[in-house]
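1. Structure here, sequence nowhere to be found:
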């Protein structure tokens, strides 16, 4: 019995070390005013929704982890763009443009597919993980009327980390 507990603890420590090794953070872009948000969940991101104003800025985000949708960060207004990821696909890059608000955003997957939303005007940004095996785990930032800042957090999901051991 003690050996089973010791093995489980050792596995948990190795998993935590593996996940920390692949973690990186992309600092925020935008003015950063308003209410804070964080979109996170359990497992891999399996779909992304983005609400945009017609030829304007980004209003809100929503991620699906497995079969469960996160709360909406920002507002559910105007036009919606959505991408559903395949089982072996992950978000590996976020780029776009910002001024006071996030003007446009492009989510790029490991299969080269993209979700584009918003009006591409303002200052450019490009976010990606430091480790090539990492993927987007969650985002955070602020919103006030629209999304005013975006930060990306990269790592590996539990399903990916077991393949690394």
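-> That came through, no problem. Bear in mind the structure is a predicted one, so any value in this text is a computation, not a measurement. Residues are numbered from 1 along each chain as shown.
2. And for residue 124, the neighbour number?
-> 12 (other Cβ atoms under 10 Å). Using the backbone N, CA and C atoms, a C-beta is placed for each residue, glycine as well.
3. quick one, what contacts it?
-> 95, 96, 97 (Cβ atoms under 8 Å, 6 or more residues apart in numbering).
4. Please identify the helix or strand for the last one.
-> Pointing back at residue 97 there. Assigned by DSSP states H and E, residue 97 belongs to strand 91-98.
5. okay, which residue is most central for the protein?
-> residue 138 (3.9 Å; Cα atoms, centre = their mean).
6. Please look at that one and residue 42 and confirm they touch.
-> No - judged on Cβ atoms under 8 Å, residue 138 makes no contact with residue 42 at a distance of 10.8 Å.
7. Could you pull up phi and psi at residue 33?
-> Dihedral angles of residue 33 (phi, psi; degrees, to the nearest 10) stand at phi -90, psi 160.
8. For it, give its distance to residue 148.
-> Distance, residue 33 to residue 148, by Cβ to Cβ, to the nearest Å: 5 Å.
9. Need the overlap of contacts for those two.
-> By Cβ under 8 Å, 6+ apart, the residues touching both residue 33 and residue 148 are 100, 142.
10. which regions of this structure lie under the pLDDT threshold?
-> Low-confidence segments of the chain, defined by pLDDT under 70, span residues 1-20, 158-165.
11. related to what we said a few turns ago, run through the residues that contact the residue nearest to the centre of the chain.
-> 38, 39, 40, 41, 63, 153.
12. Filter those residues down to the buried ones.
-> 39, 41, 63, 153 (16 or more other Cβ atoms under 10 Å).
13. ok, the nearest residue to residue 65 once chain neighbours are set aside - contacts?
-> Of all residues not flanking residue 65 in the chain, residue 41 sits nearest, at 2.9 Å (Cβ to Cβ, 6 or more residues apart in numbering). By Cβ under 8 Å, 6+ apart, the contact set of residue 41 is 63, 64, 65, 66, 68, 70, 138.
14. And those, which is closest to residue 157?
-> Closest to residue 157 out of these is residue 65 (9.0 Å), distances taken as Cβ to Cβ.
15. Over to that closest one: give its phi and psi.
-> Torsion angles, degrees, to the nearest 10, at residue 65: phi -110, psi 110.
16. re earlier: okay, and the residue nearest to the centre of the chain sits in which element?
-> Per DSSP H and E: strand 135-144 holds residue 138.
17. Can you spell out which helices and strands pack onto whichever helix or strand comes after that strand?
-> If you walk from strand 135-144 toward the C-terminus, the next helix or strand you reach (DSSP H and E) is strand 146-155. Here strand 146-155 touches strand 24-29, strand 58-65, strand 73-74, strand 91-98, strand 102-109, strand 135-144, going by 3 or more Cβ pairs under 8 Å, 6 or more residues apart in numbering; DSSP states H and E.
18. Cheers, nothing more for now.
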